[in-house]
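**Q** Sequence and predicted structure are below.
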Amino acid sequence: MEFVDEHVHSVFVPAAAYDTLLPEAGFEMLQYEDITENVMPMLVDRLDETLKRNDEAVRSAMGEEADKAIDNWLYLFEYMSENLGYSFIRARRL
């Protein structure tokens, strides 16, 4: 997670923590589903397609830094697709 700590300004919560965090926040977990396989495998491909489809706009906005910015975004999304997951959680306020 060192890369994420340095480059992504978000907080990521391990799945195992929800059993403790939800009750502490006043919620009862009703359903937990790991949906990583429905989200992560397509992440890099979708970004790559979007960047190619909008190449002119990206290059116009980024100027000389476009290639570096594109490489950084692709690297970040590759890292996320290999190291992060997505969950669906349904909870009820206690």
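**A** Yes, it's here.
**Q** Show the contacting residues for Val39.
**A** Contacts here follow Cβ atoms under 8 Å, 6 or more residues apart in numbering; on that basis Val39 touches Tyr86. For the C-beta atoms, the positions are set from N, CA and C on the backbone; glycine is no exception.
**Q** Please apply the same query to Tyr18.
**A** Contacts of Tyr18 by Cβ under 8 Å, 6+ apart are Met29, Tyr32, Ser87, Ile89.
**Q** Poorly predicted segments of this structure, please.
**A** 1-5, 7 (pLDDT under 70).
**Q** sorry, back to before: could you identify the most distant pair in the contacts of Tyr18?
**A** The span of those, defined through Cβ to Cβ, is set by Met29 and Ser87 at 10.7 Å.
**Q** Using a markdown table, lay out the contacts of Tyr18 together with secondary structure.
**A** Putting the contacts of Tyr18 into a markdown table (DSSP: H, G, I helix; E, B strand; the rest coil) gives the following:
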| residue | secondary structure |
| --- | --- |
| Met29 | strand |
| Tyr32 | strand |
| Ser87 | strand |
| Ile89 | strand |
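**Q** Reformat these as a markdown table; add distance to Val13.
**A** What follows is those, written out as a markdown table (distance: Cβ to Cβ, whole Å):
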| residue | distance to Val13 |
| --- | --- |
| Met29 | 13 |
| Tyr32 | 12 |
| Ser87 | 9 |
| Ile89 | 10 |
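**Q** which one of those residues is nearest Asp55?
**A** For the contacts of Tyr18, the nearest to Asp55 is Ser87 (33.5 Å; Cβ to Cβ).
**Q** Pull the number of nearby residues for Val58.
**A** When neighbours are counted by other Cβ atoms under 10 Å, Val58 registers 16.
**Q** Show the subsequent helix or strand relative to whatever helix or strand it lives in.
**A** Using DSSP states H and E, Val58 falls within helix 55-62. Counting by DSSP H and E, the next helix or strand C-terminal to helix 55-62 is helix 66-83.
**Q** Right, I'll call it a day here.
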